[in-house]
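> Following is a predicted model, sequence given first.
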Amino acid sequence: MASDMLEVDGARLYYEVRGSGPALLLIPGSNGDAGFYTALANLLADRYTVISYDRRGFSRSPDQRESRAGWAETHTEDAHRLLATVAGGPAHVFGSSAGAVIGLALISRHPRQVTRLVAHEPPLAELVPDAVRWRAFFAEVGATYEAQGVEPAMRMLMTGIGLDTAARPPHIDPELIGRMPGNAHTILTQEVPNAPRYHPDLAALDAQHSRITHAGGRDSHAHFPYQPAVALAARWHQEVVDLPGDHTGYWSQPAEFAAALADVYAL
């Protein structure tokens, strides 16, 4: 595994590259850290050149100044720049949670850069029937952070979307866990207000839908993030592809998840 830093507009992105074969970009969700993909990336490196990274403002990717662009555009252009620099051509893309939102924006804005996108449980609140409820919920999480601080806000978020019961791997990298407290402010002030309220360019996605797989966790059907995947798949008369585990199955069950994900890209 090799790691490096990429200068982008207003930030420096930490990224890792391992393996050989077709390029595969892993976009992290609102945990923001490539470390959650380490085991998955290692398992896929025998068939792909796997690129993973810490998103802007998270962990090892310092955000030096506020971007002039909006949340979605900023993170999408970061992924675009990373692929243009490292992949050298079209790549498979996997994004989970907010990373799936970014993946959908990437294939909308830069379709020639993406071979196939697997969008795993994008938390697109505006696409579900009870959007008003979820809009209010995420606003309440932000208000709780302002009034009470990190722990009550994170507890409300995790419980509300079903992540309080998410499985964890038996062995957790202590360095990864050590980085997480420093990301709480970014999660609560950037991810929570922006990822759920993003409106995907459905017309652009219509043109690319045959290259998009909408995926969810086999164990998370009852939780909010699974529902937008259902809504998007239904738009194109598709079924959601269930991958092992729950919202973070790539972390808790990496071997099973890697095998299932490789099968999707092999179709």
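Perfect, I can see it now. Residues are numbered from 1 along each chain as shown.
> Please count neighbours and contacts with C-alpha atoms only from this point.
Will do.
> I'd assumed residue 52 was in a helix, is it?
No. Judged by DSSP: H, G, I helix; E, B strand; the rest coil, residue 52 forms no part of a helix; its state is strand.
> what sits against it?
By C-alpha atoms under 8 Å, 6 or more residues apart in numbering, the contact list for residue 52 reads 15-17, 25-28, 34, 37, 41.
> Which of the residues you listed sits closest to residue 224?
Distance to residue 224, by C-alpha to C-alpha, is smallest for residue 28 among the contacts of residue 52, at 18.2 Å.
> wait, doesn't residue 75 sit right on residue 55?
Yes. Assessed by C-alpha atoms under 8 Å, residue 75 is found in contact with residue 55 at 7.4 Å.
> biggest helix in this protein, by residue count?
For the chain, the helix with the greatest residue count under DSSP state H is helix 131-148.
> what's the neighbour count on the residue lying closest to residue 195 once chain neighbours are set aside?
Closest residue in space to residue 195, ignoring its immediate chain neighbours: residue 98 at 5.9 Å, by C-alpha to C-alpha, 6 or more residues apart in numbering. Using other C-alpha atoms under 10 Å, residue 98 has 29 neighbouring residues.
> hang on, residue 98 packs against residue 122?
Yes. Using C-alpha under 8 Å, residue 98 makes contact with residue 122 at a distance of 5.8 Å.
> coming back round to it: when residue 75 and residue 55 are compared, which one has more neighbours?
For residue 75 versus residue 55, neighbours defined as other C-alpha under 10 Å are more numerous around residue 55 (28 against 22).
> Spit out the contact partners of the more buried one.
Residues counted as contacts of residue 55 (C-alpha under 8 Å, 6+ apart) are 13-14, 27-28, 32-33, 61, 75.
> so is it in a helix, a strand, or just coil?
Assigned by three-state DSSP, the conformation of residue 55 is coil.
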